[in-house]
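Colleague: sequence unknown, structure follows:
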């Protein structure tokens, strides 16, 4: 939703409805002014009716029309200067004739004197102080300001993007209402009070803004070290939130301290400097790439089993945790992946294929503390026990005691990888049961007659068999 900007034009003249102004004497004006607080000016009318009540009704109606006329004039000028034609439509709830008339009636309509019979009709000179007419809208602005103050906290703390968008839209709608109410107040001819919200809420808003900027600064420092695309995304989202809250704070009349503004500016500039300096990123990427290719080559030519396996995992971890992250980050920042990306992917395919062959031809034992050998097989990137354990276990015992030290229950993602291999080759494992614990108490994995493992929600606490995998 686009926020509607409004031109708040100050009105300095006194506004009178119709040509009846001539019937307001200098004494009448002085009396009206004397009764208006803080020397406020007034909106006055002279009307005629067949009886005093009709005259009073006409007077209130004329004053309400006068207010609406001035407000529409202000809105018209705002539309013209801002090339926006929907302010009047959005302001319809504020410009209700019945609402303004009610405010005039209930909020201080006064008579210069009791209506007098003149030329067969009752003459009534009535007025309302401008400050009194504007009071309901000033109160409305203060109420909305408090709501926006509350929304600022929610916007900064909200983690769900959908909810965040909803709260931002709510704040924008409230800001539009504030702008419209300000236009009405200025149309009435009253200067807006400087303090829309109280001092406590003002301090709370500035404190929230400072906390958000501190969090941003911490993220920027982390981004400088890790150059992680996920951190970058979090920074951009937080910066968007801070900008929205900053605008909200300014709109409700809070002056942002100079040190807060400077801190945000410095943090933003530091982030921009890091994000735009790719040379260090490429240096780190090339350095790690050379190390990765060296490990891959070493793995291919190694003969010793333990060293070969260790080298493979070092190469894979380096690619997954560092190189791929840098590739993604450089793609986000520059719009292109580094030229070495294809070569790195090809190397990964080669060493994974070689590692699969290596495991196929060199089964090995996993030894427990007593020296017992558990035959293992590498499936995907996980080393599985070929045989399930004897007996059944409650989930607590399965999780804490069943698997030998150095091994554990398989995770759901590892079961999924196993299933994709097992469907093609039933010889990779030798299961003796048809249901097994996962590492999560919520699910078990069931082996169906078609030779496929499926993830099923656990519906009872009965003991179940266990498969183990080697710890990472």
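Modeller: It's in. What you see is a predicted model, and the numbers here were worked out from it, not measured in a lab.

Colleague: got the contact list for the helix or strand harbouring residue 350?
Modeller: Element membership for residue 350, per DSSP states H and E: helix 341-361. Residues from elsewhere that reach helix 341-361, judged by C-beta atoms under 8 Å, 6 or more residues apart in numbering: 289, 292-293, 296, 299-300, 308-309, 312, 315-316, 319, 323, 327, 377-378. No exception for glycine: its C-beta is placed from N, CA and C like everyone else's.

Colleague: stretch 205-215 too?
Modeller: Contacts for stretch 205-215 (C-beta under 8 Å, 6+ apart): 149, 152-153, 156, 197, 238, 241-242, 245-246, 249, 254, 256-257, 260, 263-264, 267.

Colleague: shaky segments in the stretch 1-150 of the chain?
Modeller: 1-23, 38-40, 74-107 (pLDDT under 70).

Colleague: helices of that one, start to end?
Modeller: For the stretch 1-150 of the chain, the helices defined by DSSP state H, counting those that start in this stretch occupy 26-35, 52-82, 87-90, 97-106, 130-157.

Colleague: re the thing from before, got the buried residues for the helix holding residue 350?
Modeller: Of all the residues in helix 341-361, those buried under the rule 16 or more other C-beta atoms under 10 Å are 341, 344, 347-348, 351, 355, 358-359.

Colleague: which helix or strand lies directly C-terminal to it?
Modeller: Taking DSSP H and E, what comes next after helix 341-361 is strand 364-367.

Colleague: what's the average pLDDT for the one helix or strand residue 209 maps to?
Modeller: In this assignment (DSSP H and E), residue 209 forms part of helix 199-226. On average, the pLDDT along helix 199-226 is 83.

Colleague: and whatever helix or strand comes next after it, what other elements does it pack with?
Modeller: The helix or strand immediately downstream of helix 199-226 is helix 229-251, counting by DSSP H and E. Counting contacts by 3 or more C-beta pairs under 8 Å, 6 or more residues apart in numbering; DSSP states H and E, helix 229-251 is packed against helix 130-157, helix 161-188, helix 199-226, helix 258-275, helix 324-334.

Colleague: save those helices as CSV, and put in distance to residue 73 too.
Modeller: Shown next, in CSV, are the helices and strands packed on helix 229-251 (distance: least, C-beta to C-beta, whole Å):
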stretch, distance to residue 73
helix 130-157, 15
helix 161-188, 7
helix 199-226, 33
helix 258-275, 36
helix 324-334, 51
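
Colleague: closest one to residue 368 among those helices?
Modeller: For the helices and strands packed on helix 229-251, the distance to residue 368 is smallest for helix 324-334, at 35.3 Å, taking C-beta to C-beta.

Colleague: check which residues of the closest one are buried.
Modeller: Here helix 324-334 shows 325-330, 333 as buried, counting by 16+ other C-beta under 10 Å.

Colleague: reformat those as TSV; add pLDDT.
Modeller: TSV is the format used below for those (pLDDT from 0 to 100):
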residue	pLDDT
325	82
326	82
327	83
328	78
329	72
330	74
333	62
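
Colleague: just the closest of these to residue 171, please.
Modeller: Checking those one by one against residue 171 (C-beta to C-beta), the nearest turns out to be residue 333, at 30.7 Å.

Colleague: what residues go with each domain of this protein?
Modeller: Domain assignment for the chain by automatic domain parsing gives 18-135, 138-180+190-272, 279-361, 364-470.

Colleague: ok so, going back, now the angle from the helix holding residue 350 to helix 324-334?
Modeller: Orientation check (axes from the mean of the first three to the mean of the last three C-alpha atoms, to 10 degrees): helix 341-361 against helix 324-334 gives 160 degrees.

Colleague: from the chain's centre, how far out does helix 341-361 sit?
Modeller: Mean-position distance between helix 341-361 and its chain equals 42 Å (C-alpha atoms, centre = their mean, to the nearest Å).

Colleague: how about residue 411, what does it touch?
Modeller: Contacts of residue 411 by C-beta under 8 Å, 6+ apart are 438-440.

Colleague: write the PyMOL selection for whichever of those are buried.
Modeller: Per 16+ other C-beta under 10 Å, the buried members of the contacts of residue 411 correspond to this PyMOL selection:
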select buried, resi 438+439
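
Colleague: where does confidence bottom out across the contacts of residue 411?
Modeller: residue 440 (86).

Colleague: hmm, back to that, Serialize the buried residues of helix 324-334 to CSV and add fields for distance to residue 407.
Modeller: Formatted as CSV, these follow (distance: C-beta to C-beta, whole Å):
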residue, distance to residue 407
325, 29
326, 33
327, 33
328, 33
329, 35
330, 38
333, 41
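
Colleague: pull the most distant pair out of these.
Modeller: Checking those with C-beta to C-beta, the most distant pair is 325 and 333, at 12.4 Å.

Colleague: circling back: would a markdown table of the helices of the stretch 1-150 of the chain with distance to residue 397 be doable?
Modeller: What follows is these, written out as a markdown table (distance: least, C-beta to C-beta, whole Å):
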| stretch | distance to residue 397 |
| --- | --- |
| helix 26-35 | 87 |
| helix 52-82 | 71 |
| helix 87-90 | 66 |
| helix 97-106 | 71 |
| helix 130-157 | 41 |
